[in-house]
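Engineer: Turn this into a structure:
(one chain, ligands or ions: 1)
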Amino acid sequence: MISYPYLIPISECVSLEKKVNMQLLDGKATAAEIKLELRQVVLKRKEEGKKIPHLAAVLVGNDGGSMTYVNAKVKACDEIGFESTLIRYDETVSEEILLRKIDSLNKDKSIDGFIVQLPLPKHIDELKVTQAIDARKDVDGFHPINLGNMVLNLPGFLPATPAGIVELLKRNNVETEGKSCVIIGRSNIVGTPLSIMLGRNKSPGNCTVTLTHSRTKNLSEITSKADIIVAAIGKPEFVTADMVKNGAVVVDVGTTRVEDASKARGWALKGDVKFDEVAPKCSYISPVPGGVGPMTIASLMMNTLHAMELKENNK
Ligand code: GUN
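Structural biologist: Residues are numbered from 1 along each chain as shown. As a prediction, this is how the structure comes out:
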């Protein structure tokens, strides 16, 4: 029988496909590193008898996700040694009462920065609320002045989630220079600002950014050519393996609660990426939970310290 030693069985051909050495973008560990640095700053300030940063958070209603995020923000303040104040309102609170509270927080000298957790109930105009916050205390970076400064690369507060993503890439030495980056989702608080930040002439940055959204045609064709994919669309497991090229960097911003009877609490947190099938193709991938979420909180803490330092320097 003729044998063909130079022919490789198909089963082995598959294994010849370039193996990717996947690294986890561990947001929890990276955020812990940042919190430790901030804690050192707080300890030094305490020794010097200086003011400790103070963050206030306003939470309206009882949405489970929002409550979890706000509690995590308060807990991070405790860990670092920041002061924190949580202000809670019932779902039915009027816009007027909320705006009055914002006015008093703007004027309160003991508060360095504050946030109003989004989303707000339908009867409250989020834009009006965001614009009512003094830009100097807007540690979420949502105010038009801060967003405008960010676009022009001027000093100001960067929105916490995109800033957290950039910091995550930076601290994990992910190369962005000249890379093609596809962002899925054009929200005001993630996709749109991130598209500016990753396109800037900075490091991390200098990406060629494509901002995709619900009307984008042939999305898979676009994502499968990307060096970096950021999924921020809010659809659980939307990004599948066929949409990702070998060796890509994938950042998952999604945090949707989906029913899960196997969990005592009845739900599980799902990202926008089908992790199990996408991860083996990636050079880097962020998990959910433990990826972007902790980095958003770390950015908020950095912004709060920055707000206090700016106030001190303007004295
Ligand atoms: N809702 C979802 N993300 C955020 C955030 O970063 N800040 C606030 N205030 N609300 C949010």
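
Engineer: ok, which stretches of the stretch 1-150 of the chain are helices?
Structural biologist: Along the stretch 1-150 of the chain, counting by DSSP state H, counting those that start in this stretch, helices occupy 10-16, 27-47, 64-80, 95-107, 126-132, 144-151.

Engineer: Tell me the residues of the stretch 1-150 of the chain that contact the ligand?
Structural biologist: Residues of the stretch 1-150 of the chain found near the ligand, taking Cβ under 6 Å from any ligand atom as the criterion, are 115-118, 140. No exception for glycine: its C-beta is placed from N, CA and C like everyone else's.

Engineer: Residue 167: helix or strand, and which one exactly?
Structural biologist: Applying DSSP states H and E as the criterion places residue 167 in helix 160-171.

Engineer: So which elements touch that helix?
Structural biologist: Judged by 3 or more Cβ pairs under 8 Å, 6 or more residues apart in numbering; DSSP states H and E, the packing partners of helix 160-171 are helix 27-47, helix 191-199, strand 248-252, helix 292-313.

Engineer: quick one, that helix and helix 191-199 angle?
Structural biologist: If you take axes from the mean of the first three to the mean of the last three Cα atoms, to 10 degrees, helix 160-171 sits at 30 degrees to helix 191-199.

Engineer: follow-up on the earlier one: among the helices of the stretch 1-150 of the chain, which gets the worst mean confidence?
Structural biologist: Among those, helix 10-16 carries the lowest mean pLDDT, a mean of 48.

Engineer: Tell me which residues touch the residue nearest to residue 124 when sequence neighbours are not counted, please.
Structural biologist: Using Cβ to Cβ, 6 or more residues apart in numbering and skipping the chain neighbours, the partner closest in space to residue 124 is residue 95 (4.7 Å). By Cβ atoms under 8 Å, 6 or more residues apart in numbering, the contact list for residue 95 reads 123-125, 128-129.

Engineer: residue of the stretch 101-250 of the chain with the smallest distance to the ligand?
Structural biologist: residue 118 (3.7 Å; Cβ to the nearest ligand atom).

Engineer: low-scoring stretches of the protein, by residue?
Structural biologist: Scanning the chain for pLDDT under 70 picks out 1-19, 315.

Engineer: So which residue is dead centre in it?
Structural biologist: residue 161 (2.6 Å; Cα atoms, centre = their mean).

Engineer: and it, what does it touch?
Structural biologist: Contact analysis of residue 161 by Cβ under 8 Å, 6+ apart lists 189-190, 194, 232, 253, 292, 295-296, 299.

Engineer: Ok, residue 223 next?
Structural biologist: By Cβ under 8 Å, 6+ apart, the contact list for residue 223 reads 182, 184, 212, 229, 239, 243-244.

Engineer: at 6 Å what do you get?
Structural biologist: Counting by Cβ atoms under 6 Å, 6 or more residues apart in numbering, residue 223 touches 182, 229, 243.

Engineer: With residue 31 instead?
Structural biologist: 294-295, 298.

Engineer: distance of it from the ligand?
Structural biologist: Counting by Cβ to the nearest ligand atom, to the nearest Å, the separation of residue 31 from the ligand is 14 Å.

Engineer: circling back to that earlier point, could you dump the helices and strands packed on helix 160-171 into CSV and include distance to residue 259?
Structural biologist: Written out in CSV, the entries for these read as follows (distance: least, Cβ to Cβ, whole Å):
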stretch, distance to residue 259
helix 27-47, 25
helix 191-199, 27
strand 248-252, 20
helix 292-313, 20
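
Engineer: Single out the most deeply packed of those.
Structural biologist: Comparing those by mean neighbour count (mean count of other Cβ atoms under 10 Å), strand 248-252 comes out on top with a mean of 26.

Engineer: That one packs against which elements?
Structural biologist: strand 228-231, strand 282-285 (3 or more Cβ pairs under 6 Å, 6 or more residues apart in numbering; DSSP states H and E).

Engineer: Within its sheet, name the partner strands of the first one and how each one runs.
Structural biologist: According to DSSP bridges, strand 228-231 forms sheet pairs with strand 180-184 (parallel), strand 248-252 (parallel).

Engineer: Same list (those strands) but as TSV, adding distance to the ligand.
Structural biologist: Putting these into TSV (distance: least, Cβ to the nearest ligand atom, whole Å) gives the following:
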stretch	distance to the ligand
strand 180-184	16
strand 248-252	15
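
Engineer: As a markdown table, those strands with distance to residue 270 would be great.
Structural biologist: Converted to a markdown table, the strands paired with strand 228-231 look like this (distance: least, Cβ to Cβ, whole Å):
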| stretch | distance to residue 270 |
| --- | --- |
| strand 180-184 | 15 |
| strand 248-252 | 10 |
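
Engineer: Alright, I will stop here.
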